[in-house]
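Participant: coords below, sequence missing:
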């Protein structure tokens, strides 16, 4: 029983960062109808910005996180304006090729800049874990969970409680009608891509100190983000959040009771099973208009 509780706690902590990845990706697809193949690279960039500000520049650990998020926000806005806006109206195959190319460039850029050796991000938290009964949790992982939940809550508040969020939801329903009602759809697309990119960077910045940072770390994270979005239903923010926790739970239980070598495989097996039974995802909503 204690072992099960430990796995559930670990899944909860990991699920928060997975939810950030999924929400960022599903926002971009749901509003812009763009398959973002730079998501994993932006996750990597967030981790490297965290490393650069903490280890190289000596900035406070807690201040480095918003710097990494801001870096992802700015980079996402630049990608949207420079690469996606000129191809607005093109077919989805064209934008997919553009985003694949951008993702490769970003990954190669991090490899060229930082080298292929894994980097460790120093943490200000004590190494001794918090012990509650037979369950132990590191203080760093507790911070990761708290920060991830706070970012998820802020994202929900932005989408549901602000004028920007109202405009984003209007663009999701019908971008043409939203434009006729005075919504600057181009600005909304830029804001959406920047927001999704910042969430990917936040996930990388949070998990970077837990593990290590290396240029290829975004590859698997990107696959998991797509799996989460498919599991939760394309364009469904709540579904992406829940899907992140479901994937983390599947990985933890698979690693704990089957084999640690099957950690990643167990999550994708559940994705396959869900798609066989419900191809639109567990929490799919009605498709966009138009």
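Facilitator: Nice, I can see it. The shown structure was predicted, so the numbers you read here are calculated from the model rather than taken from an experiment. Numbering: from 1, shown residues only.

Participant: what are the ranges of the helices in the stretch 51-200 of the chain?
Facilitator: 61-79, 92-114, 139-161, 163-173, 175-180, 185-207 (DSSP state H, counting those that start in this stretch).

Participant: contact partners of stretch 249-261?
Facilitator: 3, 7-8, 10-11, 14-15, 262-267, 269-270 (C-beta atoms under 8 Å, 6 or more residues apart in numbering). (Glycine included, C-beta is placed from N, CA and C.)

Participant: Tell me how far stretch 153-164 lies from the chain's centre.
Facilitator: 17 Å (C-alpha atoms, centre = their mean, to the nearest Å).

Participant: Flag every buried residue along that stretch.
Facilitator: Neighbour counts over stretch 153-164 (16 or more other C-beta atoms under 10 Å) mark 155, 159 as buried.

Participant: just for the protein, where's the confidence low?
Facilitator: Residues of the chain meeting the criterion pLDDT under 70: 1, 284-290.

Participant: what is the orientation angle of the longest helix anywhere in the chain with helix 185-207?
Facilitator: Across the chain, the longest stretch assigned as helix under DSSP state H is helix 2-32. With axes from the mean of the first three to the mean of the last three C-alpha atoms, to 10 degrees as the basis, helix 2-32 and helix 185-207 are set at 160 degrees to each other.

Participant: just to revisit the earlier point, pick the most buried one from the helices of the stretch 51-200 of the chain.
Facilitator: Mean neighbours per residue, mean count of other C-beta atoms under 10 Å, is largest over the helices of the stretch 51-200 of the chain for helix 185-207, with a mean of 26.

Participant: Which secondary structure elements does that helix sit against?
Facilitator: Secondary-structure packing of helix 185-207 (3 or more C-beta pairs under 8 Å, 6 or more residues apart in numbering; DSSP states H and E): helix 2-32, helix 39-51, helix 61-79, helix 139-161, helix 163-173, helix 175-180, helix 217-232.
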